[in-house]
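Asks: Need a 3D model of the following:
(one chain, ligands or ions: 1)
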Amino acid sequence: MTTPKGQQRVAKEETKGQVTSLTLLENIDNILEKDPAARSRLEVILCYPGFHAIMAHKVSNFLWRRGLTTPARCVSQAARVLTGIEIHPGATIGRRVFIDHGMGVVVGETTIIGDDVVIYQGVTLGAGAAARMGSASRGKKRHPTLGNGVVVGSGAEIQGDIVVGDNVRVASGSIVLKDVPPNSVVVGVPGRVIYRDGVKVTSESVPDIEAEAIKSLKRRLEKLEHMLAASPDLNKESFEVPSEDFSTGDLKDMDVVDDGTDPVDVFLHGAGI
Ligand SMILES: CC(C)(COP(=O)(O)OP(=O)(O)OC[C@H]1O[C@@H](n2cnc3c(N)ncnc32)[C@H](O)[C@@H]1OP(=O)(O)O)[C@@H](O)C(=O)NCCC(=O)NCCS
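Replies: Model prediction:
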């Protein structure tokens, strides 16, 4: 690991936009520390696409900040071809960020990533609803901000101008669309906080909103079928049911609620943090 004096030098030189041997060393040693599969500095230099992508981003970001946007995009796209990791040159990336495996990772233009973040393969740090606005959202912050020490599990999606607090862990496959408080574990689609400051904050098992919505629809369908079968005036040939056969009273037992907690509404309107 680099010494505090060395870290100061790294910070000073990084603000000048220079890729130095110290930043290289810091990133290599960070990977050696974080990944039990890594055996030597040479192996990291030769075989870690996450390392290559971060180094290429330092070059593309250097060009981007000097207004050389097209050369910056070219460097970024060349790195994408070589590593499978797409980092927009405009993204701000902190120190000791480790992209493990990396294939399929996408980091959008206005993303901010803090220090000591770990990102696994298939993660998207993308624009949320702003993506639909096209050029109207150019220059606006539309990608997430990740605090220090965040871990983003494989295949997770974090979308929109949201803040994921320090030391948050996002489970594989989660979709996070809203701010996440620091020191939390987020799980599911849409993402929900299940741990905060090491304490479980929900007694439920990990919610499966899709399954709940399907179960609710199945229950309602079964009740309707039951009511239709019990109706003496039902024209079973055509399945046409005279509307007068149903009064609101017949429906009151069904789990149709109008308070926004119906599982189908929760699923259709989104839920989460
Ligand atoms: C999400 C994560 C950060 C949480 O780590 P942790 O805090 O050490 O805790 P755990 O792994 O014990 O998981 C905490 C809870 O989240 C649940 N959980 C973890 N990952 C989950 C997922 N992808 N989907 C649903 N639930 C998940 C666990 O079942 C556990 O629930 P419980 O407390 O009710 O038993 C961790 O599971 C992780 O790093 N995942 C990503 C790993 C990854 O991407 N690996 C790819 C390597 S190639």
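
Asks: For whichever residue of the chain sits closest to the ligand, list the residues it contacts.
Replies: Closest to the ligand within the chain is residue 153: 2.8 Å, counting by Cβ to the nearest ligand atom. No exception for glycine: its C-beta is placed from N, CA and C like everyone else's. Going by Cβ atoms under 8 Å, 6 or more residues apart in numbering, residue 153 touches 120, 123, 169, 170, 171, 172, 173, 174.

Asks: The ligand contacts on the stretch 151-273 of the chain?
Replies: 151, 153, 154, 169, 171, 172, 173, 185, 187, 194, 206 (Cβ under 6 Å from any ligand atom).

Asks: Am I right that the fourth one is in contact with residue 183?
Replies: The reference is to residue 169. No - the pair residue 169 / residue 183 is not scored as a contact, 9.2 Å apart, by Cβ atoms under 8 Å.

Asks: Count the neighbours of residue 64 for me.
Replies: As a burial measure, residue 64 scores 23 neighbours (other Cβ atoms under 10 Å).

Asks: How about residue 62?
Replies: Applying other Cβ under 10 Å, we find 17 other residues in the vicinity of residue 62.

Asks: about what we covered before: out of the residues of the stretch 151-273 of the chain next to the ligand, which one has the weakest pLDDT?
Replies: Within these, residue 206 has the lowest pLDDT, namely 64.

Asks: For the host helix or strand of residue 212, give the mean pLDDT please.
Replies: Using DSSP states H and E, residue 212 sits in helix 209-230. The predicted model assigns helix 209-230 a mean pLDDT of 84.

Asks: What of stretch 106-126?
Replies: Rounded mean pLDDT across stretch 106-126 is 97.

Asks: quick one: it near the ligand?
Replies: Yes - for stretch 106-126, a contact with the ligand is found by Cβ under 6 Å from any ligand atom, at residue 120.

Asks: how long is that stretch end to end?
Replies: Counting by Cα to Cα, to the nearest Å, you get 7 Å between the two ends of stretch 106-126.

Asks: List the buried residues in it.
Replies: 106-114, 116-126 (16 or more other Cβ atoms under 10 Å).
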